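> Fold the stuff below for me.
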Amino acid sequence: MEEKIDRNDVIKKEARGLDDYDLGEVQEVDDKYVITKKGVVDKDRFYIPREKAIRFDEDKLWFDVSKDEAKAYKRD
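Numbers count the residues shown, from 1 in each chain. Down below sits the predicted model:
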């Protein structure tokens, strides 16, 4: 993720992958990962490497991650 993107600005914003794939809502940003949560009942968490973030447009944080790639970043 570009350093000019403030971590606090992306918390509680939508996270999207390639082809507008829904990665949920940004919950936390640490030194290595952007952690997102998707779902209301069945909640999935994604730990996406920060370097996969490609842009932030004030409403959404976009990642260079496909739907299939996202499965590798999914954790309980």
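> quick one: contacts for the spatially closest residue to K12 that is not a sequence neighbour?
In this structure, K12 finds its nearest non-sequential neighbour in E25, 6.1 Å apart by CB to CB, 6 or more residues apart in numbering. The C-beta positions use only the backbone N, C-alpha and C, and glycine is treated the same way. With contacts defined as CB atoms under 8 Å, 6 or more residues apart in numbering, E25 is in contact with 12-15, 36-38.
> Same question for G24.
Contacts of G24 by CB under 8 Å, 6+ apart are 14-15, 36-39, 44-46.
> now stretch 40-52, how far from the chain's geometric center?
Centroid displacement of stretch 40-52 relative to its chain, using CA atoms, centre = their mean, to the nearest Å, is 6 Å.
> in this structure, which residue is closest to the centre?
By CA atoms, centre = their mean, the chain has its centre lying nearest to A15, at 4.3 Å.
> Surely it and Y21 touch.
No - applying CB atoms under 8 Å as the test, A15 and Y21 come out as separate, 9.4 Å apart.
> strand partners of the host helix or strand of R45, parallel vs antiparallel please.
Secondary structure from DSSP states H and E places R45 in strand 44-49. With DSSP bridges as the test, strand 44-49 is paired with strand 33-38 (antiparallel), strand 74-75 (antiparallel).
> Following element in sequence after that strand, please.
strand 53-56.
> May I have the strands that pair with that next one, each with its orientation?
Strand 53-56 pairs in its sheet with strand 60-63 (antiparallel), by DSSP bridges.
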